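Colleague: structure for this input, please:
(2 chains)
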Amino acid sequence: MLEINHLTKSFGDKKAVDDLSLYIAPGEIYGFIGHNGAGKTTTLKSCAGILPFDAGEIRINGISVTERPLEAKRVLAYLPDNPDLYNYLSGIQYLNFIADVFGVDRDLRAERIRRLADTFELTGDLAQPISAYSHGMKQKLAMISCWLHEPKLILMDEPFVGLDPKAAHLLKEMMRGHCDRGGAIFFSTHVLEVAEKLCDKVAIIKNGQLIASGTMDEVKGDDSLESVFLELEEDHDA
Amino acid sequence: MTLKALLRVRLLGIKASLTGANRSNKKRSRASIIGFSVLMLYTFGYFVFMMYMIFSQLAEPFAMLGYGAVYFAMAAIMSFCLMFIGSVFTSKAQLYEAKDNDLLLSMPIKPGEVLLSRMLTLLLIDLGLGLVVSGPAIFAWAQVVGFDLAWFIPCLIVLIVLLPLFTLLVAALFGWLLHLVSARVRNQSLLTVGLSLAFLAVYFVAISRMNIWLTEIVRDPSPLVGALSGFAPLIWIGRACAEGNLPALGGLVLGTAALALLGWILLSRGFLHAATDNRGAAKIKYVEKRVNAVSPDRALLRRELKHLGSSPAYIMNCALGAIMAPVAAVFLIVKRDSFLPLLAMPGLGEYLPPMMLLGLCFLSAMCTLTGPSISIEGKSMWLLKSLPVTPRQALSAKLRMHLLVGLPPMLLCSVIFIVLLRPEPLTAVCCFLLPAACMLFVGLFGLFENLRHPNFDWVNETQAVKTGMSMFAVIFGTMALVMLPIPVVLIWGDQIPVSLLAPGFLALVLLLDLLLWRWLRTRGEKRFLEL
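Modeller: Predicted coordinates for the structure are as follows:
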């Protein structure tokens, strides 16, 4: 579903991502962990077609992000770490805008908005301007918009930040459900316990380089993900 | 110490928005900084010159009649009006609605200090605006009565220090009231635009009647003297400035200091509440409605229009041409008897249609909607780039919004123009095409400039639409283009047939449109991806 081959991206002299390669198969929830500034967001933004990169290739469902960006973007959804949405629209206007851009037809969008907004308990606030939303409400709205066009791949940057426990639980269920239906999810997180319980595979990145990846068992063995992560970080420093 | 740090941050923010420094951290070239400074100086100089023309007519008769106090009282009123109109909406946006209010208030900083740092930077705006009136007023007076420190020093203290300070307080208080009211109404945008238009109408009425008022005042100043004498502070201002009257100056200094202290205490007490008041308008109940699916292009256009409709600052700064065009159309009809006889005048009559056509182009140039259209995406720019839309679609939506808002009122003006003036066929065709070509030029040039000089690091949207390299370049670039035929006519007027002026200018604008169009479809789209 997602192939990242030798991705390299620099900001000035600093290499934010250095020759990173990953493969995510349909049905997989793939966790992406690393310290602050390790290159997680840069990788996710490159995959989402937001950030041009210097070298390498990214394919989504076999479609190159650089050669056919529109087709690639149609089958993915991206959730940023900070949901800066269009404050001048109401929640429902925003969802209709996203549905229009992704070409979701009238009946389908109505059914999905109803179902997803009810799930996240946001229905009553859909007529409110987004500027009046709290951080958590914006996060929920951004999530609804992610699922609105039923993408094959969902890219999420720290999706659990700002969510209340109930919404976080719902999100985990939705992530699992999406992958059970053949989709894939690639998400970054600092909450290692969540990654450990939720992910099928995990990748650890440090200073833009991949230092470990594979199934949860391959990466952590009998230890906790936290201890393995800390150990790998120290080894890499040495 | 804290205040100094806060002030430094504010000034750095202003500097960044003026010089166009953005996330790319690219330094502006020396040429662009010099060009920008020249444009700023030109604007300032233009308004100073206009004011000097007014005061130079008044100074001599007022000095001869011994009405110096009235002269300066009038200068103070004009200065106050300009400063107040120029800063009241900025004070609302930058004092109470700034994005970093929460951040600063969470720090161990007194709310009063946050407010003071903001007010001091607003004082700079007031000082700049105040100088536009006070500078020429003082200079014109000095030319007539001669320069003397006895009146000059008190005059500087009153007009350059006390008056801006007083205006700042009044604007901050009104800004607070506006914030309180607008936070509780559902359609804030309409309220703010309505008020802004009311201010603007007053301004235009004052400007259009200025010559009549000036002639009447010069002929017989006694009604004005009588009106102003009834308000003691104005007479104190006049006496302090014209005569260097020390008791009057002392009274003004003490009065302003007391008001400033009182105002600051009042505002700083209410600041925390005002800046964090999140009550807003009543909650809108969601009722599910069936909506029609539209194409991505139409959805993008709708989004641009919604953005425009939600932002009074965007409307007032960038859609003024579209608002003024219907006013101009009505004006043309109402005042037709004044200018239609001019058509028959030899020498002037043949130049009248092209000159008025240039007026329509001038209105087109006042519609600069695309100038800040990329900058105002701000931190939500990621969304546009993550959606399955091409840069061409995104940029085209901005251009279509510009044309959709700007063109219809302009074409209405063109129709009325043709019906009233009945120009020759070629000029009549140009009546439709030239304002439209100019409107297209402003739209394309706005995108061109904003792609080259975007600013996403604003604290309040007003900054994105009011300041920045891109907006200055768009405003002055389009004005320079529209005014280009004037020197051409003045220099080579006798060699160029009048009937060719409009078609020639149209050809030039269309050529520029074509060049900009090509740039946007090639380098512009690439630039969009790199933002």
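
Colleague: use CA for all of it now, contacts and neighbours both
Modeller: Noted.

Colleague: which SS class is the most centrally placed residue in chain A?
Modeller: Central residue of chain A (C-alpha atoms, centre = their mean): residue A:156, 1.5 Å from the mean position. Of the three states, residue A:156 takes strand according to DSSP: H, G, I helix; E, B strand; the rest coil.

Colleague: can you point out the buried residues in the strand or helix carrying residue B:37?
Modeller: Residue B:37 is part of helix B:30-64, with elements assigned from DSSP states H and E. Under the neighbour-count criterion of 16 or more other C-alpha atoms under 10 Å in any protein chain shown, helix B:30-64 has B:33, B:36, B:39, B:48, B:51-52, B:54-56, B:58-63 buried.

Colleague: what is the nearest of those residues to chain A?
Modeller: In terms of C-alpha to the nearest C-alpha, no member of the buried residues of helix B:30-64 lies closer to chain A than residue B:33, at 23.8 Å.

Colleague: give me every residue in the stretch 401-531 of chain B lying close to chain A.
Modeller: Neighbours of chain A within the stretch 401-531 of chain B, by C-alpha under 8 Å from any C-alpha of the partner chain: B:529-530.

Colleague: and the residue of the stretch 401-531 of chain B that's closest to chain A?
Modeller: residue B:530 (7.0 Å).

Colleague: residue B:308 touches residue B:315, doesn't it?
Modeller: Yes: with contact defined as C-alpha atoms under 8 Å, residue B:308 counts as touching residue B:315 (6.4 Å).

Colleague: how close does the spatially most central residue of chain B get to residue B:93?
Modeller: Central residue of chain B (C-alpha atoms, centre = their mean): residue B:317, 5.8 Å from the mean position. Shown here: residue B:317 relative to residue B:93, a distance of 14 Å by C-alpha to C-alpha, to the nearest Å.

Colleague: residue B:525 too?
Modeller: Counting by C-alpha to C-alpha, the separation of residue B:525 from residue B:93 is 33 Å.

Colleague: what about the two, which has more around it?
Modeller: Legend: neighbour count by other C-alpha atoms under 10 Å in any protein chain shown for residue B:525 and residue B:93, higher for residue B:93 (22 against 18).

Colleague: in contact with the closest residue to that one other than its chain neighbours, which residues?
Modeller: The shortest distance from residue B:93 to any non-neighbouring residue, by C-alpha to C-alpha, 6 or more residues apart in numbering or on different chains, is to residue B:460 (6.9 Å). Going by C-alpha atoms under 8 Å, 6 or more residues apart in numbering or on different chains, residue B:460 touches B:93-94, B:97-99.

Colleague: give the buried residues for the longest helix along chain A.
Modeller: As assigned by DSSP state H, the longest helix anywhere in chain A is helix A:165-180. For helix A:165-180, burial by neighbour count (16+ other C-alpha under 10 Å) applies to A:167-168, A:171-172, A:175-176, A:178-179.

Colleague: that helix: how far from the chain's middle?
Modeller: Offset of helix A:165-180 from its chain centre (C-alpha atoms, centre = their mean, to the nearest Å): 13 Å.

Colleague: same question, stretch A:93-101
Modeller: That offset, for stretch A:93-101, works out to 20 Å (C-alpha atoms, centre = their mean).

Colleague: for the stretch 201-350 of chain B, list the residues in contact with chain A, please.
Modeller: Residues of the stretch 201-350 of chain B lying close to chain A by C-alpha under 8 Å from any C-alpha are B:280, B:283-287, B:290-297, B:299-300, B:303, B:306-307, B:310.
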